[in-house]
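K.L.:
This is the structure alone, sequence omitted:
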């Protein structure tokens, strides 16, 4: 499945349930944050060994929820999400050239 097909499937799911009426941008942003928090909660207070025991299906489900919200938000703003990601990687490449940033955790303003 390519991105366009996935986006159509997500939107069709929402439209079949007439949920767009509940998808004001503030609610989508809050929902996104809640889904990120649910992913974080899987790791909360867990040691490195305990983190390895988190079921991949749970992580996968939370990542999927996050991605669905990103699709809704990008559609709301008429942003091509894949294009936006590609452009952002290009911007980051200019801010973090390999020769300055490799093996460094410094922010671009500190390089």
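P.N.:
Great, that's in hand. Predicted, not measured: the structure shown is a model, and the values here were computed from it.
K.L.:
can you tell me the helix or strand for residue 36?
P.N.:
According to DSSP states H and E, residue 36 maps onto helix 25-43.
K.L.:
for the protein, what spans make up the helices?
P.N.:
Secondary structure of the chain, counting by DSSP state H: helices at 3-16, 25-43, 48-52, 56-76, 81-95, 98-101.
K.L.:
Show me how this protein divides into domains.
P.N.:
3-79, 83-111 (automatic domain parsing).
K.L.:
Distance of the residue in the chain sticking out farthest from the centre relative to residue 93?
P.N.:
Largest separation from the mean C-alpha position in the chain: residue 99, at 28.2 Å (CA atoms, centre = their mean). Distance of residue 99 to residue 93, computed by CB to CB, to the nearest Å: 12 Å. Placement of C-beta: from N, CA and C, glycine included.
K.L.:
wait, which of the helices of the chain is closest to residue 111?
P.N.:
Among these, the nearest to residue 111 by CB to CB is helix 98-101 (4.4 Å).
K.L.:
Can you tell me what sits against that closest one?
P.N.:
With CB atoms under 8 Å, 6 or more residues apart in numbering as the contact definition, helix 98-101 has outside contacts at 108, 111.
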